[in-house]
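1. the sequence and its predicted three-dimensional model are supplied below.
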Number of protein chains: 2
Amino acid sequence: MTSNKKAVILLSGGLDSATVLAIALSEGYECHTMSFDYGQRHRAELDAAENLAKQMGAATHRVMDVDMRKIGGSALTDDSLAVPISGVVEGEIPITYVPARNTVFLSYALALAEVVEADDIFIGVNAVDYSGYPDCRPEFIKAFEVMANLATKVGVEGHTLRVKTPLIDLTKAQIIQTGDALGVDYSLTVSCYQADLLGRACGVCDSCRLRKQGFAQAGIADPTVYLPGVVE
Amino acid sequence: MTSNKKAVILLSGGLDSATVLAIALSEGYECHTMSFDYGQRHRAELDAAENLAKQMGAATHRVMDVDMRKIGGSALTDDSLAVPISGVVEGEIPITYVPARNTVFLSYALALAEVVEADDIFIGVNAVDYSGYPDCRPEFIKAFEVMANLATKVGVEGHTLRVKTPLIDLTKAQIIQTGDALGVDYSLTVSCYQADLLGRACGVCDSCRLRKQGFAQAGIADPTVYLPGVVE
């Protein structure tokens, strides 16, 4: 790595962010990867992220503990540290919903960017698959970037930090084609919402089906390891 | 509490944020307070925050674990989860520096605001004491607010969430006068950088001196409990 460019890469262990890491590396960045353990994630995904960081040549990798469970609607009753003291107890929030997730993740990325003096942050948001998520929209990313440059010494000192979203307009098939061309070993990635500890996929959840369809449409062999009994 | 207004309040356990909580309560908000345990904080400060939330009538209180130590410059060598995998080891970052701190804190506040359907977020930033901190500037707060309204369902659904900074232009003496008029019991707050487990203050650190001077200039008796031997 002869370049002086540095980037912080949000790396989940899934297909999209592995592709983002490959793109950043191909552009000559020294890459500092970051994963988040926020309770609803499966260990297999975090293990995959660590493995990808190592195999693909990230400079450093971090796993941040983000206790979103204390914030989720269920926390008011389930979490001993989120104790109602007075007032009305709120209604239920779906347990799977992660409020302001990308804002929190990008904030940690910003903190790390400041420490390692990164030029850019990469995030694998995708407006095609996640059109319903406000924090996957280009206008959100742009607003975060503006805020980020006012939040830190980096901004004060004249450097403009960018939040790069190379996948924002790509279909799953296009993402896979891009990563494949860059040599990404997708067998190391885990997309399944209910992968087992070995990272084997169920083949039937939304995420699995989107991924399967992506490989089919890309015309690339699906290297995913499915659980025994899954009809591929 | 007959109002339907809700707010998320960043509550550190110090003098400033206790005043902010009093202001929000006086404006009729149902207040959801949030503290952060990010390693360099003293237990006494977090205990003070919990106590203040309870005494002053917050609806809920949460302590979020934010492992900034994994991000700080020293993490590259000290933290087993921030393992250099390859590349150059970075130079030293001052151990007391907390990069992007307010961005991370406000992001958690935003997540909670979305869950409890809060109208506003309150933060006790102050441009007088902290003129050197980029994330205490009004333009940063404004940019965060713009981003926040694009990040969440709240923004999508038409409600505008505000980030309120009632102390931004006040001196320490003015903050104390404001809180005193609202009945804040400042003996419950902890400002000292090196308070003991009982919250007793050293009387000599920057924070203690600023606080002492504030009470003196406000013409209000200083209720701070100092460690034995401190000359008041």
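-> Happy to help now that I have it.
2. what mean pLDDT does the strand or helix carrying A:F105 have?
-> Under the criterion of DSSP states H and E, A:F105 resides in helix A:101-116. Mean pLDDT, helix A:101-116: 93.
3. now swap in stretch A:182-189 and tell me
-> pLDDT averaged over stretch A:182-189 gives 96.
4. what ranges does chain A have for its strands?
-> Assigned by DSSP state E, the strands in chain A fall at A:6-10, A:30-37, A:60-65, A:82-84, A:120-122, A:162-164.
5. just the buried residues of the last one, please?
-> Neighbour counts over strand A:162-164 (16 or more other Cβ atoms under 10 Å in any protein chain shown) mark A:V163, A:K164 as buried. Where C-beta positions appear, they are placed from N, C-alpha and C, glycine not excepted.
6. mind putting the strands of chain A in JSON lines, mean pLDDT included?
-> Shown next, in JSON lines, are those (pLDDT from 0 to 100):
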{"stretch": "strand A:6-10", "mean pLDDT": "97"}
{"stretch": "strand A:30-37", "mean pLDDT": "95"}
{"stretch": "strand A:60-65", "mean pLDDT": "93"}
{"stretch": "strand A:82-84", "mean pLDDT": "44"}
{"stretch": "strand A:120-122", "mean pLDDT": "97"}
{"stretch": "strand A:162-164", "mean pLDDT": "97"}
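7. could you dump those strands into a markdown table and include distance to chain B?
-> Shown next, in a markdown table, are those (distance: least, Cβ to the nearest Cβ, whole Å):
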| stretch | distance to chain B |
| --- | --- |
| strand A:6-10 | 9 |
| strand A:30-37 | 5 |
| strand A:60-65 | 5 |
| strand A:82-84 | 5 |
| strand A:120-122 | 11 |
| strand A:162-164 | 11 |
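8. would you turn those strands into a markdown table with distance to B:A24?
-> Formatted as a markdown table, the strands of chain A follow (distance: least, Cβ to Cβ, whole Å):
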| stretch | distance to B:A24 |
| --- | --- |
| strand A:6-10 | 33 |
| strand A:30-37 | 30 |
| strand A:60-65 | 29 |
| strand A:82-84 | 18 |
| strand A:120-122 | 33 |
| strand A:162-164 | 32 |
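9. kindly export the helix holding A:F105 (C-alpha atoms) in PDB.
-> In PDB, the C-alpha atoms belonging to helix A:101-116 read as follows (Å, rounded to 0.1, in the frame of the first residue of the first chain):
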ATOM      1  CA  ARG A 101     -29.000   2.800  13.000                       C
ATOM      2  CA  ASN A 102     -27.000   4.300  10.300                       C
ATOM      3  CA  THR A 103     -26.600   7.600  12.100                       C
ATOM      4  CA  VAL A 104     -25.200   5.800  15.100                       C
ATOM      5  CA  PHE A 105     -22.900   3.600  13.000                       C
ATOM      6  CA  LEU A 106     -21.700   6.600  10.900                       C
ATOM      7  CA  SER A 107     -21.000   8.600  14.100                       C
ATOM      8  CA  TYR A 108     -18.700   5.900  15.400                       C
ATOM      9  CA  ALA A 109     -17.100   5.800  11.900                       C
ATOM     10  CA  LEU A 110     -16.600   9.600  12.200                       C
ATOM     11  CA  ALA A 111     -14.900   9.300  15.500                       C
ATOM     12  CA  LEU A 112     -12.500   6.700  14.100                       C
ATOM     13  CA  ALA A 113     -12.000   8.800  11.000                       C
ATOM     14  CA  GLU A 114     -10.900  11.600  13.200                       C
ATOM     15  CA  VAL A 115      -8.500   9.400  15.100                       C
ATOM     16  CA  VAL A 116      -6.800   7.700  12.200                       C
END
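10. which strands or helices does it pack on?
-> Counting contacts by 3 or more Cβ pairs under 8 Å, 6 or more residues apart in numbering or on different chains; DSSP states H and E, helix A:101-116 packs against strand A:6-10, strand A:30-37, strand A:60-65, strand A:120-122, helix A:138-151, helix A:153-156, helix B:101-116, helix B:138-151.
11. using JSON lines, lay out those together with distance to A:E114.
-> Output for the helices and strands packed on helix A:101-116, formatted as JSON lines (distance: least, Cβ to Cβ, whole Å):
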{"stretch": "strand A:6-10", "distance to A:E114": "10"}
{"stretch": "strand A:30-37", "distance to A:E114": "12"}
{"stretch": "strand A:60-65", "distance to A:E114": "14"}
{"stretch": "strand A:120-122", "distance to A:E114": "11"}
{"stretch": "helix A:138-151", "distance to A:E114": "9"}
{"stretch": "helix A:153-156", "distance to A:E114": "6"}
{"stretch": "helix B:101-116", "distance to A:E114": "10"}
{"stretch": "helix B:138-151", "distance to A:E114": "14"}
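12. which of those sits closest to A:V204?
-> strand A:30-37 (25.1 Å; Cβ to Cβ).
13. okay, the angle between that closest one and strand A:60-65?
-> The directions of strand A:30-37 and strand A:60-65 differ by 20 degrees, with axes from the mean of the first three to the mean of the last three Cα atoms, to 10 degrees as the criterion.
14. leaving out chain neighbours, which residue sits closest to A:G14?
-> A:S191 (4.9 Å; Cβ to Cβ, 6 or more residues apart in numbering or on different chains).
15. and that neighbour, what does it touch?
-> Applying Cβ atoms under 8 Å, 6 or more residues apart in numbering or on different chains, one finds that A:S191 lies in contact with A:G14, A:L15, A:A201, A:S207, A:C208, A:L210, A:R211, A:T224.
16. could you do A:V128 as well?
-> A:D169, A:L170, A:T171, A:K172.
17. 7 Å instead, please
-> Counting by Cβ atoms under 7 Å, 6 or more residues apart in numbering or on different chains, A:V128 makes contact with A:D169, A:L170, A:T171.
18. equivalent analysis for A:D120, please.
-> Residues near A:D120 by Cβ under 7 Å, 6+ apart: A:A7, A:L161, A:R162, A:K164.
19. was I right about the first one contacting A:E117?
-> No. A:A7 is beyond contact range of A:E117, at 10.9 Å (criterion: Cβ atoms under 7 Å).
20. more neighbours, those two?
-> A:A7 (29 against 15; other Cβ atoms under 10 Å in any protein chain shown).
21. pLDDT-wise, which helix or strand of chain A ranks last?
-> When the helices and strands of chain A are scored by mean pLDDT, DSSP states H and E, helix A:75-78 comes last with a mean of 37.
22. give me the neighbour count for A:E27.
-> A:E27, neighbours per other Cβ under 10 Å, totals 15.
23. need phi/psi at it.
-> phi -90, psi 0 (degrees, to the nearest 10).
24. please name the spatially closest residue to it (chain neighbours excluded).
-> A:K5 (7.6 Å).
25. residues contacting the one you found?
-> When contacts are counted by Cβ under 7 Å, 6+ apart, A:K5 touches A:G28, A:Y29, A:E30, A:D119.
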